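**Student:** please work out how this folds:
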Amino acid sequence: MLSGYGVVRSFCLFGVLGMVAVGTGCSELKKLRQENQQLNEQLSGLQQENAELSSKASRYESELNRLENTRRELEAKLKGTGATVRIKNGAVSVLMPGAVLFDPGQTTLRPQSKGVLKKIAGVLKSTTSGEIVRIEGHTDSDPINKQKDKYKSNWELSAARSAAVLHYMVEECGISPTRVYIAGFGQYQPLSDNKSKTGKAKNRRVEFVIVPRGGG
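**Tutor:** I've put the predicted structure just below:
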């Protein structure tokens with residue numbers, strides 16, 4: 001049998017152990033609550049991020065649908081002109097082969113090209129009214145021979161061709177000068193390689209890029 005002292009000692013020992021257990025339990029509970037709070041904050045952050053990503057995806061899909069609808073509409077209206085309508089870097093672009101517009105090495109519009117340009121201008125005025133249009137000139141990689149005294153490089157030649165198209169569309173087709181500007185890319189944005197006549201012909205072109213709202 002335990003003596004009175006032993007009973008008291010045992011009681012005190014159990015008390016101490018109980019207090020330790022209680023203290024340990026409280027500490028663990030506090031730790032678990034902190035971890036739970038952190039997890040809830042992380043979950044909230046992930047939910048917000050997911051909502052933002054979903055919103056961005058929805059806007060992106062909506063913009064793609066808008067571009068594709070515009071592309072199809074322009075393609076239907078320009079059928080038979082020789083124009084190709086494509087989506088280029090987030091914008092709709094009407095592509096005209098250079099051979100339709102210019103003789104080799106020249107910057108004067110071919111007479112037969114003017115009817116095509118009038119039709120393109122009419123479509124741009126009706127379908128994309130108010131939007132900015134960038135008129136791009138592109139060449140193949142062949143160096144300039146016929147007019148090298150006038151044009152230092154294909155940059156100048158491509159810019160001169162896009163300027164010729166711009167002047168005709170503004171002065172003869174009624175396109176507002178506030179809606180258009182030119183860009184000359186020379187041979188530096190090819191659609192095909194420049195190793196064959198077919199590839200070079202694809203690269204010689206003028207593109208009418210309908211600049212996205214807020215773009216440049």
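**Student:** the longest helix seen in the chain - contacts with which helices or strands?
**Tutor:** Longest helix in the chain, counting residues (DSSP state H): helix 4-77. Applying 3 or more C-beta pairs under 8 Å, 6 or more residues apart in numbering; DSSP states H and E, we find helix 4-77 packed against strand 84-88, strand 91-97, helix 114-127. C-beta here means a position set from N, CA and C on the backbone, and glycine is covered the same way.
**Student:** turn these into CSV, columns for mean pLDDT, mean neighbour count and distance to residue 77.
**Tutor:** Shown next, in CSV, are these (pLDDT from 0 to 100; neighbours: other C-beta atoms under 10 Å; distance: least, C-beta to C-beta, whole Å):
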stretch, mean pLDDT, mean neighbour count, distance to residue 77
strand 84-88, 95, 16, 9
strand 91-97, 97, 21, 10
helix 114-127, 93, 17, 5
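**Student:** make JSON lines out of these and add distance to residue 46.
**Tutor:** Converted to JSON lines, the helices and strands packed on helix 4-77 look like this (distance: least, C-beta to C-beta, whole Å):
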{"stretch": "strand 84-88", "distance to residue 46": "33"}
{"stretch": "strand 91-97", "distance to residue 46": "34"}
{"stretch": "helix 114-127", "distance to residue 46": "43"}
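**Student:** which residues touch stretch 165-173?
**Tutor:** For stretch 165-173, contacts defined as C-beta atoms under 8 Å, 6 or more residues apart in numbering pick out 101, 109, 114, 117-118, 120-122, 135, 137, 175-177, 180-182, 206.
**Student:** recalculate using a threshold of 7 Å.
**Tutor:** Contacts of stretch 165-173 with the rest of the structure, by C-beta atoms under 7 Å, 6 or more residues apart in numbering, involve 101, 109, 114, 117, 118, 121, 135, 175, 177, 180, 182, 206.
**Student:** the third one and residue 53: what is the separation?
**Tutor:** Noted for residue 114: a distance of 49 Å to residue 53, by C-beta to C-beta, to the nearest Å.
**Student:** report the central residue of the protein.
**Tutor:** In the chain, the centroid-proximal residue (C-alpha atoms, centre = their mean) is residue 90; its distance is 3.6 Å.
**Student:** three-state assignment of the closest residue to that one other than its chain neighbours?
**Tutor:** Among residues not flanking residue 90 along the chain, residue 212 sits closest, at 5.9 Å (C-beta to C-beta, 6 or more residues apart in numbering). Of the three states, residue 212 takes coil under DSSP: H, G, I helix; E, B strand; the rest coil.
**Student:** neighbours of residue 212, just the number please.
**Tutor:** Neighbour count of residue 212, defined by other C-beta atoms under 10 Å: 16.
**Student:** before we move on, the earlier item: could you dump the contacts of stretch 165-173 to JSON lines with distance to residue 32?
**Tutor:** Putting those into JSON lines (distance: C-beta to C-beta, whole Å) gives the following:
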{"residue": "101", "distance to residue 32": "75"}
{"residue": "109", "distance to residue 32": "79"}
{"residue": "114", "distance to residue 32": "80"}
{"residue": "117", "distance to residue 32": "74"}
{"residue": "118", "distance to residue 32": "76"}
{"residue": "121", "distance to residue 32": "71"}
{"residue": "135", "distance to residue 32": "67"}
{"residue": "175", "distance to residue 32": "70"}
{"residue": "177", "distance to residue 32": "70"}
{"residue": "180", "distance to residue 32": "67"}
{"residue": "182", "distance to residue 32": "67"}
{"residue": "206", "distance to residue 32": "69"}
